[in-house]
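1. heads up, no residue letters with this:
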């Protein structure tokens, strides 16, 4: 059985640690005199609400899947990286050759 207080504690710590950068973004928004405080606060609440809703939907989907299948989600970033690598190798270009000017020596 899952220990609910321990799980809630972990959830709070993970949420706080992943949102440290959010404090800096909010500070920048509040420092801009063109933005209204009401719009910033409303946007923050809507953004966090969307994240919570997406997380709840993902948790429900996770529970509906058979045991071995969620572990296969780790293949997705690997496949995307290999696809990008394959595209770079097929084109024969590196990142410095794809239209970016190199500084003159």
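-> Cool, got the structure. The model shown is predicted, which means the values in this text are computed figures rather than measured ones. Residues are numbered from 1 along each chain as shown.
2. how about low-confidence regions in this structure?
-> Within the chain, the segments meeting pLDDT under 70 span 1-2, 93-105.
3. can you list the domain ranges for this protein.
-> For the chain, the domain assignment from automatic domain parsing gives the residue ranges 1-64, 71-100.
4. mind putting those domains in TSV, mean neighbour count included?
-> C-betas here are computed from N, CA, C, even on glycine. Converted to TSV, the domains of the chain look like this (neighbours: other Cβ atoms under 10 Å):
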stretch	mean neighbour count
domain 1-64	10
domain 71-100	9
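5. so where do the helices sit in the chain?
-> Counting by DSSP state H, one finds helices in the chain at the ranges 4-18, 20-31, 37-64, 75-91.
6. Show me what the second one is packed against.
-> Going back to what we said before, that points to helix 20-31. helix 37-64 (3 or more Cβ pairs under 8 Å, 6 or more residues apart in numbering; DSSP states H and E).
7. Helix 20-31 and the helix it packs on, what's the angle between them?
-> Per axes from the mean of the first three to the mean of the last three Cα atoms, to 10 degrees, the angle that helix 37-64 makes with helix 20-31 is 160 degrees.
8. Can you give the distance from helix 37-64 to the centre of its chain?
-> 12 Å (Cα atoms, centre = their mean, to the nearest Å).
9. do the same with stretch 10-17
-> Worked out by Cα atoms, centre = their mean, stretch 10-17 lies 15 Å from the chain centre.
10. what sits up against it?
-> Taking contacts as Cβ atoms under 8 Å, 6 or more residues apart in numbering, no residue outside stretch 10-17 touches it.
11. Going forward, count from 4.
-> From this message on, residue numbering opens at 4, which makes the last subject stretch 13-20.
12. Backbone dihedrals for residue 36, both of them.
-> Main-chain dihedrals, residue 36, degrees, to the nearest 10: phi -70, psi -10.
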